[in-house]
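J.: Fold the following.
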Amino acid sequence: MQYLLAHDVGTSGDKATLFTTDGALRASAVEPYPCRYSHGTWAEQDPEDWYAAVCRSTRKLLADIDPADVAGVSFSGHMMGAVFLGRGGELLRSAIIWADQRATEQQRLLSERVGDARFYEITGSRNNPTSSVCKLLWALEHDGLGPRLDKVVNCKDYLAARLTGTVATDYSDASGTGALDVHTFEWSREILEAAGLPASYFPELRASTDLAGRVTARAAAETGLLEGTPVFCGCGDGTAASVGSGISAPGEGYVSLGTSAWVSYLDGAPLLDPAMRTFNMAGIRRGSVYPLGTMQAAGSSYSWMRDQLCGGEQRDAAARGGSVYDEINRQIAAEAPGAGGVLFLPYLMGERSPWWDASACGAFLGLRQETTHAQLLRAVMEGVAMNLALILRVFREQRPFASLRILGAAAREPVWRQVLADVLNARIELLNLPEEGCSLGAAVAAGIGCGALSGLEDVGRFLRVVTVTEPDPERAGRYAALLPKFEDAFRRLQGLY
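T.: Numbering: from 1, shown residues only. Sure, this is the predicted structure:
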């Protein structure tokens, strides 16, 4: 039996998954690591924590198989970050990750030198402080890295380099840096010159399915993999999830609901939205593109609600040995749509699509003396769904999207699927592997790279739709009427942040 080993390197931990080349999930293991939040908009991680987690999870999965049966290794990783490497490959500081929005001055610099419309035209993405280019400019200004800096990469590139000794990146991760020309699939000379950055800071560009290198003797000793095992470049998590959702024809789309959330679909060219509300991710091969809109705090809004509002539910769950989520979701399902007139704006970490406002904050609106605990809980879930509806509205200017597949940790929860179906007014299709989208995307990249899979169409070996949640017409109508109020609430509060 041959295996594909995929690592999904997320914000809270590494999820390592073994797939057989004929389409079965053999085993998975999760290893957590911390994330440091500070200053309101800063978010950093230690790349050594990522690698330690990869070593531990790999050893767990290899305990029951022969390492010689691993046909290939690959990665999915969180994007739009910055890992700073010296000339010997050493780390120069902690990684600034996707959620960090400190680089607002650097964003303004690029706005002045390139122009926001031109930046969007080149990259397919809005000039914003979450881009790797802005984070790099901030670090050069504040940390004095210039004389020592050799390369800036993303998390999965760092891990591939630790395994192989080779520093490179793929088109998908590059498309989140703010430095890739999404039309030519080359680093943009115009943007780098405007930013005053040498092209040498940016690694060689490859397809996700290309060989990154082979496991070194040192990495073999640390992970349990055989020396010489092929490691493929892999992809950023947005593209990995797109592959792992199984969408394969233009116009097919999905929603991913995790710590952050996004809506995306497959098309033959970048979508350049006149209002620049959404952006574009490169696919696993040169020339393929996924238009995408991402919100900052989706599952994390739910987690905030759990931690700050649901102490009683947590105590009850601990006392009876049950799940706190079951009690929370039971209350949400029993509450009427509209949450008694309460709106929740889920902007706990600023916001990307559709607002692109790093200073945006969360809010409850419409509180009354009779407002209940359950209404607050439901309002949080509805607020996340309504922001996703604003993103989907952009894409519906191009295509109808009557159905969407769902991925992510919340996908198995019926109440989440029903709220999304009603708010988005779309059928929500649950796959058999909803929490393995990113892992599966990375595994497919490795499978194509090593020849075990012939192409994207072979993702069908792994996936099937197991449940379809239909929108309720009456509830969908109520939410359609509520969505403009949600949008207006943000606009009216925007000047107060």
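
J.: could you point out where the stretch 1-150 of the chain is predicted with low confidence?
T.: Scanning the stretch 1-150 of the chain for pLDDT under 70 picks out nothing.

J.: Where do the strands of the stretch 151-300 of the chain begin and end?
T.: 168-170, 180-181, 186-187, 204-206, 211-214, 230-232, 235-236, 253-257, 261-265, 279-282, 289-295 (DSSP state E, counting those that start in this stretch).

J.: For the longest one, which outside residues touch it?
T.: Which is strand 289-295. Strand 289-295 is contacted by residues 124, 182, 238-239, 242, 260-271, 277-283, 346, 351-354, 384, 387-388, 391-392, 394-395 when judged by CB atoms under 8 Å, 6 or more residues apart in numbering. Placement of C-beta: from N, CA and C, glycine included.

J.: picking that back up, single out the most deeply packed of the strands of the stretch 151-300 of the chain.
T.: strand 235-236 (a mean of 34; mean count of other CB atoms under 10 Å).

J.: What is the distance between it and the centre of its chain?
T.: On the basis of CA atoms, centre = their mean, to the nearest Å, strand 235-236 sits 9 Å off its chain's mean C-alpha point.

J.: Mind listing the strands that strand pairs with, and their directions?
T.: Applying DSSP bridges, strand 235-236 is found paired with strand 70-77 (parallel).

J.: and the next element down the chain from the partner strand?
T.: Following strand 70-77 in sequence order, the next helix or strand is strand 83-86 (DSSP states H and E).

J.: buried ones in that following strand?
T.: 83-85 (16 or more other CB atoms under 10 Å).

J.: And the strands in the stretch 1-150 of the chain?
T.: Under DSSP E, counting those that start in this stretch, the stretch 1-150 of the chain gives strands at 3-9, 13-20, 25-32, 36-38, 42-45, 70-77, 83-86, 95-96, 149-153.

J.: okay, those strands in TSV with distance to Q107 next?
T.: As requested, the strands of the stretch 1-150 of the chain are exported to TSV (distance: least, CB to CB, whole Å):
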stretch	distance to Q107
strand 3-9	26
strand 13-20	30
strand 25-32	31
strand 36-38	20
strand 42-45	15
strand 70-77	23
strand 83-86	19
strand 95-96	14
strand 149-153	17
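
J.: Any idea which of these gets closest to A52?
T.: A52 sits nearest to strand 25-32 of all the strands of the stretch 1-150 of the chain, at 7.9 Å, using CB to CB.

J.: got a list of contacts for that closest one?
T.: Residues from elsewhere that reach strand 25-32 (CB under 8 Å, 6+ apart): 3, 12-20, 52-54, 56-57, 60-61, 64-65, 433, 436, 439, 462.

J.: Write a PyMOL command that selects only the buried members of these.
T.: This is the PyMOL syntax for the buried subset of the contacts of strand 25-32, where burial follows 16+ other CB under 10 Å:
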select buried, resi 3+12+13+14+15+16+17+18+19+20+53+54+56+57+60+61+433+436+439+462
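
J.: quick revisit: drop anything exposed from the contacts of strand 289-295.
T.: Buried among those by 16+ other CB under 10 Å: 124, 182, 238-239, 242, 260-267, 270-271, 277-283, 346, 351-354, 384, 387-388, 391-392, 394-395.

J.: In helices, which of those fall?
T.: Mapping the buried ones among the contacts of strand 289-295 onto helices (DSSP state H) picks out 238-239, 242, 384, 387-388, 391-392, 394-395.

J.: got JSON lines for the strands of the stretch 151-300 of the chain, with mean pLDDT too?
T.: Below are those laid out as JSON lines (pLDDT from 0 to 100):
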{"stretch": "strand 168-170", "mean pLDDT": "98"}
{"stretch": "strand 180-181", "mean pLDDT": "98"}
{"stretch": "strand 186-187", "mean pLDDT": "98"}
{"stretch": "strand 204-206", "mean pLDDT": "97"}
{"stretch": "strand 211-214", "mean pLDDT": "98"}
{"stretch": "strand 230-232", "mean pLDDT": "98"}
{"stretch": "strand 235-236", "mean pLDDT": "96"}
{"stretch": "strand 253-257", "mean pLDDT": "94"}
{"stretch": "strand 261-265", "mean pLDDT": "94"}
{"stretch": "strand 279-282", "mean pLDDT": "95"}
{"stretch": "strand 289-295", "mean pLDDT": "94"}
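
J.: possible to save the ones you listed as a markdown table with distance to W98?
T.: A markdown table is the format used below for these (distance: least, CB to CB, whole Å):
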| stretch | distance to W98 |
| --- | --- |
| strand 168-170 | 15 |
| strand 180-181 | 16 |
| strand 186-187 | 20 |
| strand 204-206 | 20 |
| strand 211-214 | 21 |
| strand 230-232 | 22 |
| strand 235-236 | 10 |
| strand 253-257 | 14 |
| strand 261-265 | 12 |
| strand 279-282 | 13 |
| strand 289-295 | 9 |
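
J.: Can you tell me which of the ones you listed is nearest to A99?
T.: Nearest to A99, of the strands of the stretch 151-300 of the chain and by CB to CB, is strand 289-295 at 10.9 Å.

J.: what separates that closest one from the chain centre, distance-wise?
T.: 10 Å.

J.: Could you check the angle it makes with strand 253-257?
T.: Strand 289-295 and strand 253-257 are oriented at 30 degrees to each other (axes from the mean of the first three to the mean of the last three CA atoms, to 10 degrees).

J.: what is the orientation angle of strand 289-295 with strand 261-265?
T.: Angle, strand 289-295 to strand 261-265, by the same axes, to 10 degrees: 160 degrees.

J.: for F232, what are its contacts?
T.: 72-74, 208-212, 445-446, 449-450.
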